[in-house]
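S.K.: structure for the following, please:
(5 chains, ligands or ions: 4)
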Amino acid sequence: MSAAVAQYVERHAPRAAAASAALLDVDGVTVRFGGIIALDGVSFTVGEGQIVGLIGPNGAGKTTAFNAISRLYRPSAGRITFDGTSLLDLPASAIAALGIGRSFQNLALFRSMSVLDNVIVGGHARGTSGFISDALRLPSARGEEATLRARAHAMLGFVGLDALAHRPITSLPFGTQKRVELARALASRPKLLLLDEPAGGLNHEEVAELGSLVRRVRDELGITVLLVEHHMSFVMGISDKVVALEFGRVIAEGTPAEVQADDKVISAYLGKAR
Amino acid sequence: MAGALLEVEGLRAAYGPSQVLHGIDFAVEEGGITALLGANGAGKTTTLRAVCGMVDRSGSIRFGGQPIEKDSTESIVGLGVAHVPEGRGTFVKLSVEENLRIGAYGRRARDGVAADMERMYQHFPKLAERRTQQAGTLSGGEQQMLAIARALMLRPRLLVLDEPSFGLGPLIVASIFEIMGAVRRDDRVSILLVEQNAALALELADRAYLIETGRVVMSGSAKDFRDNEQVRRSYLGY
Amino acid sequence: MAATSGLATIPVAASGTNWRRIGVAVAIAAALVLPWLVSDYRVFQFTLAGSYAVALLGLNLLTGYNGQISLGHGAFFAIGGYTAAILMHRLGVPYYLTILPAGAAAFIVGVLFGLPALRLENLYLALVTLSMAVATPQFLKYFDHWTGGSQGIVLRKPAAPTWLPIGNDKWLYYQMLVVLLIVFWAGSNLLAGRTGRALVALRDHPISATVMGINPVFYKTCAFGVSAMFTGIAGAMAAIATGFVAPDSFNVFLSISFLVGSVVGGIATVAGAVFGGFFIQFIPNLANDISDAAPWAIYGLFLLAFMYAMPTGIAGFIRTMAVRYAPKFRTAVGEQPTSQPGSHS
Amino acid sequence: MTQLTQQILSGVATGAIYASLALALVMIHQATESVNFAQGEMAMFSTYIAWSLVQVGTPFWIAFVLTVVISFIGGVLIERIIVRPVENAPVLSHVIVFIGLLVIFSAVAGWIFTYTVKQFPSPFPTKPLLGGAVTGHDLGVIGVTFVMLILLFLFFRFTPLGLAMRAAAQNPESARLVGIRVGWMLAIGWGLAAAVGAVAGIMVAPILFLDPHMMSGVLLYAFAAALLGGISSPGGAVLGGLIVGVLENLVGTYLIASELKLTMALALIIIVLVVKPSGLFGAHAVKRV
Amino acid sequence: QKQYGPGASDKEIKIGNINPYSGPASAYGTIGKAIGAYFDKINDEGGINGRKIKYITLDDGYSPPKAVEQARRLVEAEQVLLLFQSLGTPSNTAIQAYMNEKKVPQLFVATGATKWNDPKNFPWTMGWQPNYQTEARIYAKHILQNVKDPKIAVLFQNDDYGKDYLDGLKEGLGAQASKLIVAMKSYETSDPTVDSQVVALMNSGANVFINITTPKFASQAIRKVHDLGWKPAHYLNNVSASVSTVLKPAGLEKATGIITSSYHMDPTDPQWQSGKAYQDWLAWMKKYYSAGDVASTFNVYGYSVAQTLVQVLKQCGDNLTRENVMRQAANLKNFQVPMLLPGISITTGPDDFAPIEQMRLQKFDGNIWVLFGEVLSPEGS
Ligand SMILES: Nc1ncnc2c1ncn2[C@@H]1O[C@H](COP(=O)(O)OP(=O)(O)OP(=O)(O)O)[C@@H](O)[C@H]1O
Ligand SMILES: Nc1ncnc2c1ncn2[C@@H]1O[C@H](COP(=O)(O)OP(=O)(O)OP(=O)(O)O)[C@@H](O)[C@H]1O
Ligand SMILES: [Mg+2]
Ligand SMILES: [Mg+2]
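M.R.: Ligands and ions are numbered 1, 2, ... in the order given. Next up is the predicted model:
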């Protein structure tokens, strides 16, 4: 672990894992696309310091829920509250500054940039320099640039990719790019991290490593995590709580064990095996 | 291994100046299923792309006894090779139905397209609901189903699958492995499979190869693999 | 994780900043001695080329870095030129005080234009900006009270102070060089910093950029404004150097030349703007020298030839060569390490 | 007849001109996902070919068919020889190649055929109708435009080639993976666009008169028409053309500053596009993550 | 004894020219080429007073900044004796101050604007053709004398050329101008057609139509006027007075009755084609400019203006200084140019920098332009 990471970790001392206050409150959210109802009155909460798994069959609305939280979609009904702030009044670009970071199901990296620059952009919300201070290279802009850069290196180190910092992003294999996305999301120092299928394309061993990485995100960086994943052993292994969706509705909610045993979840999603 | 449908020897491939495959040998038997395993970045995707002529390559690739290492992607597809690519390759602005229709573009037998399309909708009812939807708006998993269905529409002799279970829920994963088994059994389609769900892959496959940094480091029957200590630890988890 | 160690084998220089610095220093030194090596007429040509380079930097910022295509930057060039001309001619403002107002006027119009442009992409934006280019001469003619209509405005050319032992052309050249250096300094700072990354991020993946907290409305509109401002400054420079503005100076072909210059020079690079400026200044003359029967056909052939030989422009070509033959220089030659807007995946 | 009807009718007649070139733009866009700025000059050049054929005594319709065929082949060759080498270059580099083509065609036409305005024969009766607001030829142009529209619509909607062409344009790599010869699709797309452009040129030349600049003004209007209608929709392009033609006339006649009529007409189109960014009939391609 | 300015020597005389060989105005480029072809002929015949003409013609794409650059190249790098026939009002305006400051002749510029006849302020600049305003005044006068209760509609190109005509027209009509002109419509060169403008003008109820358009638009307007069944007194500007390239495309029957004024022969008008002037011109075209179009009046223009310059240089004798060139250019006395209309000649003087000032009215009879009335000059009109 690089010095920067260590320093950062220190500043964010681990918090209690089972804090009670809801950091994110999704309440009765409905999202429609023409005739398709992708989310139909979905409600759930994510408590501060928790790792929450969001599962459900393909097309159940998991990514849509993320997109609603990111304000990329406008719900036709419902409320989303984060840390006491109603998100629906804000534009999408204001969400990151509140402390919500996310990765994407299908890669959404900046193709022309290096790995490092991608991660630096992730920290955009934590910067303030503007057109004028950047153009004139005012000391404030230079200082900020150094901070962002250091943090990006730290986050690359955290996910184990610092050696690749200067590689063009497109030359990395899929699984590695997913990890860059994770580093990028972390670069904004979020309170809540939304991960959409982070384990895609990883083999068993790599999934296990990812699991401990996500735990460290929570434990060392103190970040609450909401994650979508079809890799059941992964989700069930690290989540404090699991929410299951089907056809845009919540069909089960509870501890991993409870949800795994739920009949509706089994018949809609898990199948008899497992 | 004479008479294999696909025979690959000394396959090398590069992206610009960086060499990724350093001489890979493997084969897929007629009607057989071959699985490629390997860590993230090992070169599995590159291997499949090289077989289909989507990346600069050298070495020998024979399909049905005929050399194809110089052929273009289109010609290789024309020989009956369907490829489900990493990242799905959805035609995002076309409808679901058009995506399926285009899947049959390269196939020899023009008849039965409509019937095959119906069969795909039976395999993946979710797609049937979405027939006229712009394919780019499908969920990730739905697009994965579409990619598999599109490849099957070619009625291929060889099906090349790059992580077909990617992003799919457990039930659907089970069903696509069933479908794979069925097309192999009923239509004698051979399959070349890259799959991170190694347990399922090795259940289905006859042969397997383990790739590490662009080289084959182990090959054998699926059973050999299941019994191998290292494979168990890294890929199977028991 | 195990696999990554294998990935790091390609050598990547930590920084090529020194090479870059040396290159810039050499270029500036060359620019300083240049007027003493060539005739005044050439000096004048280089002054114009410099103004085009500034205009192209503006266009590059918008189209190259931010991915908003403009086929109408001649309009901002015109706004700059006319602002300078009107201030000098009608209000008697000294020429050197007109550059900033010209930039400001273009900035305001650019921002106003950037707002509707927000909703439009690619072809649609191309149409709208092309319309702007087509409408510019008509506008200039319509408001003839200020612009002098189709007759244009004739300006007095600035003369060198009597105590300076240099001719008017050199004098103007050096002043324009100062403006150019300031604009390029500010522009490359801007593009290398947080703002520049935000612009590129919006180009590469607007949705993802928005999620990272980059406000598309603010950045895209400001990009339009700043881009227009640079081009407006360039317009003022060119108007002062030419000593004349007229609607015909700002026809559609000027806007098209700007796009040509920025792509041929190397889109999304700072150095490309300089190469592009030279291209649009000198290549038409060269075409004319090769054939005065059909210079346009020759010019067209030049365009094709350049795009075949250097599909990513002159700056892109230099970078590719440097990376191929000396990987250490990878980061020395350009700002963005890899591909360009809209390149096929 | 009132001036209003006259202006509308004559707007429809000019609108048909825009529509016919707009169809060529739709064609090339469907086939390549970009717009060839040289389309107008290529159509102009095709028209000179037809003119030369007619000059040497070829009957009109034979010259017509020959020109369309020659243009198709020419389009294919241009794609294969000139565009192919930059196939993998960034989109803006393509735009530069298009601009190169534009200036080359324009200069070469001037060089070979001079800039003197030439008369081009009409296959239709040129009698003025409806009080001179339109001529028989105008009606012929409208008719031919609609025939082209129907052909293009059927081509893209119902033929495997049409679908393959769109697929190849959108995602060449995936298209190869389903066995589409992407290179040929692009070439055929260029060929068809050139052929449609040739028809447009031959139809409008009797109205605009033939000279090397014949299409340079039309291209902007055709571009506006195609985008207003929705660049992916042939029907939209035709309707867009008619709207642009009529709108321009009404703006020019009834707005005080007629010098700004083009500006005004374009401003209105921009407003429509800002409200409806994919045009009146264009399918909005949703992007999601 | 011999005196030489820059660009002149015992062997040669260097002459510079700027023309739009590229860009939107490239149609005019043929003038520059015709001039070169005429100098080729002169050189073949031994040159002027034993000196060959070295003709350097550069492209400005009709862009004023480019014109400035090219003018500086010709003056400073090529060291030409004089700049001849640079084309376009904007381009010439852009270089006028420079030429006068450098004291280099800017001779016989190819534009019909009025401002070139200003020897007091610009002693180094001289026009050639009759200016647009003069021509417009001729029409105004004719209208006032011949049309009862005139209601005038004007179609004009929206640039300096169109505006100059408008100004001349208003001046010629005098105080009642704004009452007499009932409608004005402009077009842009980028407009595909002028049909809509013509419809609007007809609906103004005018009985006089003044057609200030370039050839293509003139043809369109003539055809549309006829098709609409509108029968105004139709005045067509000289720019578009070509029988074969304007009237024929529109339809000769549709053009019958149109009035224009002219100063040079129309090479496509049958009445001139048997004359010696035309035959000489044609022989020259065939021999020296075979790529040129024998139907184009621009080639008549280039030929005639080149003849004028040759006359000036002949008059210079062995004193080829820039001052003497201007002196001789301002010293043309009744110089006869073959392709000008009968009765029209060139005269200049120290206060008269307008070489051709006379024009003649003519009316189209369905076949040829029929001259009528006497030779008109600005003082007379
Ligand atoms: N923009 C859109 N337009 C139309 N339908 C949409 C759009 N976005 C999502 N949908 C539909 O909404 C449903 C929910 O999609 P979503 O992406 O949320 O699924 P998901 O739960 O993330 O599935 P997966 O596990 O496959 O990623 C899908 O059926 C999808 O087709
Ligand atoms: N476009 C590219 N340019 C340069 N290098 C590349 C490119 N694509 C892949 N590589 C390199 O090739 C190697 C193999 O990548 P490949 O995608 O084949 O791996 P993979 O085994 O499929 O991994 P994953 O499981 O992540 O999909 C990696 O080291 C990667 O960095
Ligand atoms: Mg999803
Ligand atoms: Mg892969």
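S.K.: what residues sit buried inside the strand or helix carrying C:G81?
M.R.: Following DSSP states H and E, one finds C:G81 within helix C:73-91. For helix C:73-91, the buried set under the neighbour-count rule, 16 or more other CB atoms under 10 Å in any protein chain shown, comprises C:73-89. Placement of C-beta: from N, CA and C, glycine included.
S.K.: before we move on, what about stretch B:142-159?
M.R.: Buried residues in stretch B:142-159, counted by 16+ other CB under 10 Å: B:142-159.
S.K.: which of the residues you listed come close to chain C?
M.R.: Counting by CB under 8 Å from any CB of the partner chain, nothing from the buried residues of stretch B:142-159 sits close to chain C.
S.K.: intersect the residues you listed with the contacts of ligand 2.
M.R.: Among the buried residues of stretch B:142-159, not one lies near ligand 2 by CB under 6 Å from any ligand atom.
S.K.: and stretch E:245-263, end to end?
M.R.: This stretch, stretch E:245-263, spans 18 Å end to end (CA to CA, to the nearest Å).
S.K.: average pLDDT across it?
M.R.: Averaged over stretch E:245-263, pLDDT sits at 93.
S.K.: and that stretch, is it in reach of chain D?
M.R.: Yes - contact of stretch E:245-263 with chain D (CB under 8 Å from any CB) involves E:T245, E:V246, E:K248, E:P249.
S.K.: distance of the third one from E:A295?
M.R.: Shown here: E:K248 relative to E:A295, a distance of 9 Å by CB to CB, to the nearest Å.
S.K.: where do the contact lists of the two overlap?
M.R.: Shared contacts of E:K248 and E:A295, defined by CB atoms under 8 Å, 6 or more residues apart in numbering or on different chains, are found at E:T268.
S.K.: residue ranges with poor pLDDT in the chain?
M.R.: Since you didn't name a chain, this refers to chain A. Counting by pLDDT under 70, chain A contains low-confidence ranges at A:1-21, A:273-274.
S.K.: chain B is the one I meant
M.R.: B:1-2, B:238.
S.K.: 80 - rerun?
M.R.: When residues are selected by pLDDT under 80, those of chain B lie in B:1-3, B:108-110, B:237-238.
S.K.: please apply the same query to chain D.
M.R.: Where chain D drops to pLDDT under 80, the residues are D:1, D:131-132, D:255-259, D:261-262, D:264-266, D:283-285.
S.K.: and for residue 130, the neighbour number?
M.R.: You didn't say which chain, so I picked chain A. By other CB atoms under 10 Å in any protein chain shown, 18 other residues sit near A:G130.
S.K.: switch to chain B, that's the one I care about
M.R.: Look at B:R130: counted by other CB under 10 Å, it has 23 neighbours.
S.K.: for it, which non-adjacent residue is spatially closest?
M.R.: Leaving aside its chain neighbours, B:R130 sits nearest to B:V96 (5.0 Å; criterion: CB to CB, 6 or more residues apart in numbering or on different chains).
S.K.: with B:E129 as the reference, measure out to that neighbour.
M.R.: The spacing between B:V96 and B:E129, counted by CB to CB, is 9 Å.
S.K.: so which of those two has more stuff around it?
M.R.: B:V96 (30 against 13).
S.K.: what separation do you get for the residue of chain D found nearest ligand 3 and C:L59?
M.R.: Proximity of chain D to ligand 3 (CB to the ion) peaks at D:V289, 9.3 Å away. Per CB to CB, D:V289 is found 30 Å from C:L59.
S.K.: phi first, then psi, for the residue of chain E found nearest ligand 2.
M.R.: Residue nearest to ligand 2 within chain E: E:S22 (41.9 Å; CB to the nearest ligand atom). The phi/psi pair for E:S22 (degrees, to the nearest 10) reads phi -120, psi 170.
S.K.: contact partners for D:F113?
M.R.: Neighbours of D:F113 in contact, by CB under 8 Å, 6+ apart: D:Y48, D:W51, D:P212.
S.K.: just checking, the last one touches D:V103?
M.R.: No - if you go by CB atoms under 8 Å, D:P212 and D:V103 don't touch, sitting 11.0 Å apart.
S.K.: quick check: residues of chain B near ligand 4?
M.R.: Within chain B, the positions lying close to ligand 4 (CB under 5 Å from the ion) are B:T45, B:E86.
S.K.: domain ranges for chain B?
M.R.: Domains of chain B are assigned by automatic domain parsing as B:1-80+B:158-238, B:90-155.
S.K.: hmm, the longest one touching ligand 3?
M.R.: This means domain B:1-80+B:158-238. No - taking CB under 5 Å from the ion as the criterion, domain B:1-80+B:158-238 and ligand 3 are apart, separated by no less than 7.1 Å.
S.K.: now stretch A:138-148: buried residues?
M.R.: A:A141, A:E144, A:E145, A:L148.
S.K.: D:G11 contacts D:G252, doesn't it?
M.R.: No - with contacts counted by CB under 8 Å, D:G11 stays clear of D:G252, the gap being 9.4 Å.
S.K.: of the residues of stretch E:245-263 next to chain D, closest to chain C?
M.R.: Distance to chain C across those (CB to the nearest CB) is lowest for E:T245, with 21.2 Å.
S.K.: and the closest one, what are its phi and psi?
M.R.: Torsion angles at E:T245 (phi, psi; degrees, to the nearest 10) stand at phi -100, psi -10.
S.K.: the residue of the stretch 251-381 of chain E found nearest chain B and ligand 1, how far apart?
M.R.: For the stretch 251-381 of chain E and chain B, the shortest gap (CB to the nearest CB) falls at E:A291, measuring 45.7 Å. Distance of E:A291 to ligand 1, given as CB to the nearest ligand atom, to the nearest Å: 60 Å.
S.K.: likewise D:F155?
M.R.: From D:F155 across to ligand 1, the span is 28 Å (CB to the nearest ligand atom).
S.K.: nearest spatial neighbour of that residue, chain-adjacent residues omitted?
M.R.: Nearest non-adjacent residue to D:F155, counting by CB to CB, 6+ apart: D:G162, 4.6 Å away.
S.K.: who's in contact with that neighbour?
M.R.: Neighbouring residues of D:G162 by CB under 8 Å, 6+ apart: D:Q30, D:F155, D:F156.
S.K.: quick check: chain neighbours aside, which residue is closest to D:M185?
M.R.: Leaving aside its chain neighbours, D:M185 sits nearest to D:A168 (3.9 Å; criterion: CB to CB, 6+ apart).
S.K.: stretch A:232-249 close to chain B?
M.R.: Yes - residues of stretch A:232-249 are located near chain B by CB under 8 Å from any CB, namely A:M232, A:S233.
S.K.: which parts of that stretch are buried?
M.R.: In stretch A:232-249, counting by 16+ other CB under 10 Å, buried: A:232, A:234-246, A:248-249.
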